[in-house]
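Enquirer: Just a sequence and a predicted model for now, questions to come.
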Amino acid sequence: MKKVFVFLSVLVLATTLFTSCDNLLGDNEGTTQHGFMNFENEIVYANTPKSFISFVALGNWTITKRGGDDWCTLDLMKGKGSYWYYIKTSCQPNTTGKYRGTEYELRDIDDTDIYARFSLYQYATRGDGSIGGSPLLQKVTGSDGCEMTFEYDNNDCVTRFVATKNGTTLHNLTITYASDSVIHVNNGYSTLKAKYDLGFQMAESKLCAPSDTFSVSLQYDTYAFTAFTLMDKRANGQYVGQSMMFHEQKFTGDNEHCADSLKWQRKDGEGKVTTWKMALKHSDNDNRYQSIDVNQLLLGVENLSPYNLLCFFRHSRDSKIVSEASTTEGKYIVNSTVNRDKSVKQLDVTSPDGTSVTYTFTYFED
């Protein structure tokens, strides 16, 4: 059997793709070259709608499915040699709650000893870290007079977020995902932009406007510890920042992770800077069965960053709901109640001074 080296490539685009090919070897129909040359591969997320595979075919070829789940379809299953192919792949949403894959075989028609087997894989989680198929939050109401509403597109991405408290609007975001793979976030004052990836997450470290910025920076990443900071800076000088530390935890794929400690800092409109340093404990209730990160409600709607609440950076979403946050002033105690589908039904947060806020969650029906 002839030895063939194959490198599979699965690249995801948010735009509509078409099958295309480039002739690499001219129009020599009598070529006797066979085999395939390919590139790297990417795993798609539970809400990734489009992808494509790319490879160079030296000989005439065909693709057959060998096994796995029926969640993706290839737009082209056979072709001629001497071309570089980009083949459109359509992906169905993963609502199984499990990582899944499908195996294919790419074989040279004229020399059947030459073939390559490859698999396409899909995460159980959406790009924002929530479980695929988990319910989309419509509204949150708080006993402190706050209300948050959410709207979504067909890829389960938030396109509108409004937060008010006692009639005052605190946040009003309109979010669009353009066909050129650029996310636009209009916050009422400016429009922030950044490239987005196959999970509709920021593909760059900053979401920028001339004055406002949301940034993610890795503080350090070693075998034992990982820490990063998320900073939401605004044109009027206000900011909300969070630094999170993780001990011996993995951030690949669908792995669970929970921060050991959290530093939360806010500068308000009067220039006052408040800092909370917290040691965290988590409940058994999962934080990935609804479309937002409910842990961002720990200090109330006044102190949150909407980009963290909506999980623009998937690794900032702890996989479990916080149950206790210890500070030098005392403890924040959180009691969470979940629905039958594991989504959060109610969240009760009691501050060190004894003040309590109850948040009630309403979801869109399927």
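Expert: All right, it came through fine.
Enquirer: Report how far apart the opening and closing residues of stretch 214-229 are.
Expert: End-to-end span of stretch 214-229 (CA to CA, to the nearest Å): 11 Å.
Enquirer: Do a quick rundown of the helices in the stretch 201-350 of the chain.
Expert: Using DSSP state H, counting those that start in this stretch, the helices of the stretch 201-350 of the chain run over residues 306-309.
Enquirer: low pLDDT regions in the stretch 251-366 of the chain?
Expert: Along the stretch 251-366 of the chain, the parts satisfying pLDDT under 70 run over 366.
Enquirer: switch the cut-off to 90
Expert: 252, 269, 365-366 (pLDDT under 90).
Enquirer: got it, and the stretch 101-250 of the chain?
Expert: Filtered on pLDDT under 90, the stretch 101-250 of the chain yields the residue ranges 110-118, 179-180, 188-189, 204, 210-211, 218-225, 234-236, 250.
Enquirer: Isn't T48 up against Q92?
Expert: No - between T48 and Q92 there is no contact under CB atoms under 8 Å: 9.9 Å. No exception for glycine: its C-beta is placed from N, CA and C like everyone else's.
Enquirer: Those two - which one has more neighbours?
Expert: Comparing T48 with Q92 by other CB atoms under 10 Å, the one with more neighbours is T48, at 28 against 14.
Enquirer: For the more buried one, which three-state class applies?
Expert: Three-state call for T48 (DSSP: H, G, I helix; E, B strand; the rest coil): coil.
Enquirer: Just want to check the distance between it and Y359.
Expert: Per CB to CB, to the nearest Å, T48 is found 30 Å from Y359.
Enquirer: What of E248?
Expert: Distance from E248 to Y359, by CB to CB: 32 Å.
Enquirer: Neighbour count for those two, which is higher?
Expert: Counted by other CB under 10 Å, E248 and Y359 do not tie: Y359 has more neighbours, with 22 against 10.
Enquirer: quick one: what helix or strand has that one in it?
Expert: Taking DSSP states H and E as the definition, Y359 sits inside strand 356-363.
Enquirer: Not counting its own residues, what contacts that strand?
Expert: 135-144, 290, 294, 297, 300, 343-350 (CB atoms under 8 Å, 6 or more residues apart in numbering).
Enquirer: Name the strands paired with it and say parallel or antiparallel.
Expert: Strand 356-363 has its sheet partners listed here by DSSP bridges as strand 137-142 (antiparallel), strand 344-350 (antiparallel).
Enquirer: Quick one: those strands as JSON lines, columns for distance to K88 and mean neighbour count too.
Expert: Converted to JSON lines, the strands paired with strand 356-363 look like this (distance: least, CB to CB, whole Å; neighbours: other CB atoms under 10 Å):
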{"stretch": "strand 137-142", "distance to K88": "32", "mean neighbour count": "18"}
{"stretch": "strand 344-350", "distance to K88": "37", "mean neighbour count": "19"}
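Enquirer: need the ones you listed in JSON lines with distance to R234, can you?
Expert: Formatted as JSON lines, those follow (distance: least, CB to CB, whole Å):
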{"stretch": "strand 137-142", "distance to R234": "22"}
{"stretch": "strand 344-350", "distance to R234": "25"}
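Enquirer: Looking at the ones you listed, spot the one closest to N308.
Expert: Checking the strands paired with strand 356-363 against N308 by CB to CB gives strand 137-142 as the closest, at 14.7 Å.
Enquirer: Okay, buried residues for stretch 235-246 please.
Expert: Judged by neighbour count (16 or more other CB atoms under 10 Å), stretch 235-246 contains these buried residues: Y239, V240, G241, Q242, S243, M244, M245, F246.
Enquirer: can you pull the contacts of the nearest residue to G330 once chain neighbours are set aside?
Expert: With sequence-adjacent residues excluded and distances taken as CB to CB, 6 or more residues apart in numbering, G330 is closest to P352, at 2.8 Å. Residues in contact with P352 (CB under 8 Å, 6+ apart) are T327, E329, G330, K331, Y332.
Enquirer: Give the buried subset of those residues as a PyMOL selection command.
Expert: Selection of the buried residues among the contacts of P352 in PyMOL, burial being defined by 16+ other CB under 10 Å:
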select buried, resi 327+332
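Enquirer: taking the contacts of P352 one by one, which sit in strands?
Expert: Members of those lying in strands (criterion: DSSP state E): T327, G330, K331, Y332.
Enquirer: Next one: S54 from F200, what distance?
Expert: Noted for S54: a distance of 22 Å to F200, by CB to CB.
Enquirer: quick one: which of those two has more around it?
Expert: F200 (25 against 18).
Enquirer: helix or strand for that one, which one?
Expert: F200 belongs to no helix or strand, assigned by DSSP H and E.
Enquirer: pretty sure it contacts I175?
Expert: No - in this structure F200 lies outside contact range of I175 using CB under 8 Å: 9.6 Å.
Enquirer: shared neighbours of the two, anything?
Expert: Shared contacts of F200 and I175 (CB under 8 Å, 6+ apart): C157, I183.
Enquirer: hey, which strand is longest across this protein?
Expert: Longest strand of the chain, by residue count under DSSP E: strand 273-286.
Enquirer: who's in contact with Q296?
Expert: L304, S305, N308, L309.
Enquirer: ok, those vs Y223, which is closest?
Expert: Nearest member of the contacts of Q296 to Y223, counting by CB to CB, is N308, at 26.7 Å.
Enquirer: so who does Y177 touch?
Expert: A14, D153, N155, C157, I183, H184, Y196, F200.
Enquirer: Quickly list what it is bridged to.
Expert: Going by DSSP bridges, Y177 forms beta bridges with I183.
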